[in-house]
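A.B. asks: I'll drop the sequence and a predicted model, then ask my questions.
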Amino acid sequence: MSDCTDVDATPRPVTGPRMTRLARQLEAARDPAARDALTEAFWAEAARTGTPLVEELDDAPGHRAVTFLWRGHRATRRVLLMAPGLTGHDRLADSLLHHLPGTDIWHLGLRLRADHRGSYRMVADISAGAAPADPALLQRRLLALRAHGGADPLNPARIATRWRDAQDSVFALPEAPPQPWVARRPAVPRGGVERHAVAAGVLGAERDVWVYLPPAAVPYRPAHEPGQQGRLPLLVLCDGDMWFDRLGLQDTLDALIADGLLPPLAVLAPDAVGTATRRLELGGRESYVSFLADEVVPWASARWPLTARADRTVVAGQGLGGMTALYAGLTRPERFGGIVAQSPSLWWRPGLEPGAVAPDAIGTPWLATLAAGLRDGLPAGRGPVRGAAVRFDVGLHEGAMAEHTEALQAVLRARGHRVTRNLHNGGHDYACWRGFLADALVELVGSSLDVDAAESQGGTGAAHRSAGRPSGLSAGPAAR
């Protein structure tokens with residue numbers, strides 16, 4: 001695999017070689033029947049290879065032409081592409097597919113760096129009448145249209161979406177980091193997943209919490225942990241309803257444990273409940289951190305043999321959940337010694353109305369100021385926090401996210417924290433996070449698994465570990 005990280009990752013419009021060739025063939029066709037035959041042959045080819053079309057570009061090494069396709073019909077007026085990091089919310093007209101005249105082919109080509117991975121959805125507008133001439137009215141119509149988006153019919157690689165029954169499609173270019181643990185492996189022992197209602201006094205209501213416990217057949221023998229023998233490392237993860245009910249994180253954990261990349265560990269993952277509740281509770285809020293640290297973890301520790309060591313306990317989240325993880329780790333060092341913050345919403349600050357999003361700030365985020373001790377933000381008596389292991393995962397197509405995490409990283413390192421930051425070629429996207437979460441757990445928790453036990457349970461043990469550090473999960477059939 002070649003290194004293309006020094007190549008420009010900015011998405012740019014492009015017409016791929018296949019679409020250029022098809023347009024020329026259609027123009028040279030003798031009659032409508034010949035054009036119809038070319039069109040049918042094109043769709044048959046797309047069905048065999050899958051979509052989007054991915055092609056090399058002679059004049060752009062390190063990039064690919066990626067062509068998104070939609071097969072329309074007479075009622076199709078417009079087709080909209082929605083892809084995190086590739087299509088913007090403020091100018092949706094730029095994300096409309098182009099119609100190839102005289103055919104049912106709609107297409108949109110983008111030049112992307114060859115290590116890109118992402119999800120996307122599409123939707124056709126079949127409303128009567130011409131598109132509004134006024135850009136503001138067209139934007140309003142397209143915003144309404146987005147709610148009806150769904151997966152690409154010709155792409156078999158899918159990923160679940162939040163709060164919707166529909167799925168999104170996934171694509172990964174040839175040099176995207178591999179994700180070898182995404183699929184369920186029938187040969188490995190299965191862990192257990194349970195859903196419990198847990199009293200949440202600080203939140204004023206019960207919360208459902210997903211609990212993952214590792215396969216009982218794989219022994220855990222931690223070394224050099226007086227009083228902690230047999231106690232499981234712990235991951236506390238935001239958005240349990242997404243990770244366990246929709247994304248099947250348990251399959252990933254089972255595979256990592258079987259391969260000896262992770263020791264058997266437990267996971268506690270509270271539900272986000274819904275959009276409104278999530279926006280009200282997540283972020284840098286002491287009440288939710290108290291729920292995690294003072295209610296969920298003690299509740300679980302009274303039932304299962306969980307570690308009490310902070311350096312074997314990781315808190316993780318994405319977006320607002322990533323902000324929650326950072327705040328929890330920085331203000332509760334006695335509980336959480338590892339932090340995984342994936343695309344953390346560092347725009348968040350106290351005083352924002354629930355649901356409001358602060359504009360991209362320039363300079364140091366509020367949380368960096370808090371971490372530096374430059375304001376009265378730390379809970380009384382806890383003082384400055386030092387020594388946490390922090391892992392950031394940030395997409396190159398997430399606006400000011402890279403700048404914000406760089407500023408926070410500098411502050412955290414100055415305060416003695418151990419920080420790594422993974423900048424990847426993607427957007428604000430579970431298609432990326434699910435792979436890098438596996439990497440982060442291996443990085444922060446490591447493996448104390450008995451090698452012979454791992455191999456006896458269908459894992460690859462030390463041989464797999466010696467092959468190199470993992471780089472996420474498999475993208476499935478669309479990884480071309």
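C.D. replies: That came through, no problem. Residues are numbered from 1 along each chain as shown.
A.B. asks: CA only for contacts and neighbour counts going forward, please
C.D. replies: Will do.
A.B. asks: hmm, who's touching stretch 38-50?
C.D. replies: The set of residues external to stretch 38-50 that reach it, using CA atoms under 8 Å, 6 or more residues apart in numbering, is Leu22, Gln25, Leu26, Leu53, Thr103, Asp104, Ile105, Leu154, Asn155, Pro156, Ala478.
A.B. asks: Pick out the lowest-pLDDT one from the residues you listed.
C.D. replies: On pLDDT alone, Ala478 ranks lowest of the contacts of stretch 38-50, at 37.
A.B. asks: which among the contacts of stretch 38-50 end up buried?
C.D. replies: Listed as buried from the contacts of stretch 38-50 are Leu22, Leu26, Leu53, Thr103, Asp104, Ile105, Leu154, Asn155, Pro156, Ala478; burial here means 16 or more other CA atoms under 10 Å.
A.B. asks: chain center to the helix or strand containing the second one: distance?
C.D. replies: So the one you mean is Leu26. Using DSSP states H and E, Leu26 falls within helix 17-28. Remark: helix 17-28 is offset 37 Å from the chain centroid, using CA atoms, centre = their mean, to the nearest Å.
A.B. asks: With stretch 305-325 instead?
C.D. replies: 17 Å.
A.B. asks: sorry, back to before: from the contacts of stretch 38-50, which land in strands?
C.D. replies: Counting by DSSP state E, these place Leu53, Ile105 in strands.
A.B. asks: Quickly name whichever of the contacts of stretch 38-50 is closest to His404.
C.D. replies: Ala478 (31.8 Å; CA to CA).
A.B. asks: helices or strands up against the helix holding Leu26?
C.D. replies: helix 32-49 (3 or more CA pairs under 8 Å, 6 or more residues apart in numbering; DSSP states H and E).
A.B. asks: Of all the residues in the helix it packs on, which ones are buried?
C.D. replies: Arg35, Asp36, Leu38, Thr39, Trp43, Ala46, Thr49.
A.B. asks: Put together a markdown table for these, with distance to Arg162 on each row.
C.D. replies: Shown next, in a markdown table, are the buried residues of helix 32-49 (distance: CA to CA, whole Å):
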| residue | distance to Arg162 |
| --- | --- |
| Arg35 | 41 |
| Asp36 | 40 |
| Leu38 | 39 |
| Thr39 | 36 |
| Trp43 | 31 |
| Ala46 | 29 |
| Thr49 | 28 |
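A.B. asks: from the residues you listed, which single one is nearest Ala160?
C.D. replies: Thr49 (22.7 Å).
A.B. asks: who does the spatially closest residue to Ala114 that is not a sequence neighbour bridge with?
C.D. replies: Closest residue to Ala114 apart from its sequence neighbours, by CA to CA, 6 or more residues apart in numbering: His63 at 4.8 Å. Beta-bridge partners for His63, by DSSP bridges, are Arg113.
A.B. asks: how about Phe171, secondary structure?
C.D. replies: strand (DSSP: H, G, I helix; E, B strand; the rest coil).
A.B. asks: Kindly provide the distance from it to Arg117.
C.D. replies: 6 Å (CA to CA, to the nearest Å).
A.B. asks: and Pro263, how many neighbours does it have?
C.D. replies: 27 (other CA atoms under 10 Å).
A.B. asks: so which strand or helix has it?
C.D. replies: Using DSSP H and E, Pro263 sits in no helix or strand.
A.B. asks: ditto for the one 5 residues further on
C.D. replies: Using DSSP H and E, the secondary-structure element containing Leu268 is strand 266-270.
A.B. asks: Tell me which other helices or strands that strand touches.
C.D. replies: When contacts are defined as 3+ CA pairs under 8 Å, 6+ apart, strand 266-270 packs onto strand 207-213, strand 234-237, helix 240-243.
A.B. asks: Surely Val267 is in contact with Leu235?
C.D. replies: Yes: assessed by CA atoms under 8 Å, Val267 is found in contact with Leu235 at 4.7 Å.
A.B. asks: out of the two, which sits in the more crowded spot?
C.D. replies: Val267 (26 against 23).
A.B. asks: would you list every one of the strands in the stretch 251-400 of the chain?
C.D. replies: For the stretch 251-400 of the chain, the strands defined by DSSP state E, counting those that start in this stretch occupy 266-270, 313-318, 338-342, 389-395.
A.B. asks: Chain neighbours aside, what residue packs nearest to Met242?
C.D. replies: Of all residues not flanking Met242 in the chain, Arg162 sits nearest, at 6.6 Å (CA to CA, 6+ apart).
A.B. asks: With Ala200 instead?
C.D. replies: Excluding the flanking residues, the one nearest Ala200 by CA to CA, 6+ apart is Glu206, at 5.1 Å.
A.B. asks: residues near that neighbour, how many?
C.D. replies: For Glu206, the neighbour count with other CA under 10 Å is 13.
A.B. asks: what sits against it?
C.D. replies: Applying CA under 8 Å, 6+ apart, one finds that Glu206 lies in contact with Ala197, Val198, Ala199, Ala200.
A.B. asks: Could you point out which of those is nearest to Val273?
C.D. replies: Ala197 (12.2 Å).
A.B. asks: how near is that closest one to Ala310?
C.D. replies: Noted for Ala197: a distance of 25 Å to Ala310, by CA to CA.
A.B. asks: where does the protein dip in pLDDT?
C.D. replies: Along the chain, segments meeting pLDDT under 70 span 1-5, 217-229, 354-363, 374-386, 447-480.
A.B. asks: Quick one: the helices in it, in order.
C.D. replies: All helices of the chain, identified by DSSP state H, fall at 17-28, 32-49, 135-145, 240-243, 249-258, 275-281, 286-290, 297-301, 320-331, 366-371, 401-414, 430-445, 451-456, 461-465.
A.B. asks: Residues in contact with the shortest one: which ones?
C.D. replies: Applying CA under 8 Å, 6+ apart, the external contacts of helix 240-243 come out as Arg162, Val209, Trp210, Leu249, Leu268, Ala269, Pro270, Asp271, Ala272, Val273.
A.B. asks: Let's see that with 7 Å instead.
C.D. replies: Helix 240-243 is touched from outside by Arg162, Val209, Trp210, Leu249, Ala269, Pro270, Asp271, Ala272, with contacts defined as CA atoms under 7 Å, 6 or more residues apart in numbering.
A.B. asks: of the residues you listed, closest to Arg421?
C.D. replies: Lowest distance from Arg421 to the contacts of helix 240-243 (CA to CA) belongs to Leu249, with 22.4 Å.
A.B. asks: Once you drop chain neighbours, what's closest to that closest one?
C.D. replies: If the residues on either side of it in the chain are set aside, Leu249 comes closest to Trp243, at 5.5 Å by CA to CA, 6+ apart.
A.B. asks: Measure how buried that neighbour is and give me the count.
C.D. replies: Once other CA under 10 Å is used to define contacts, Trp243 is seen to have 20 neighbours.
A.B. asks: Could you do Arg279 as well?
C.D. replies: By the criterion of other CA under 10 Å, Arg279 has 17 neighbours.
A.B. asks: do the one 5 residues further on as well
C.D. replies: Per other CA under 10 Å, the neighbour tally for Gly284 reads 25.
A.B. asks: Domain-wise, how is this protein divided?
C.D. replies: 12-172, 192-478 (automatic domain parsing).
A.B. asks: so how far is the first one from its chain's centroid?
C.D. replies: For domain 12-172, the distance between its averaged C-alpha position and the chain's averaged C-alpha position is 23 Å (CA atoms, centre = their mean).
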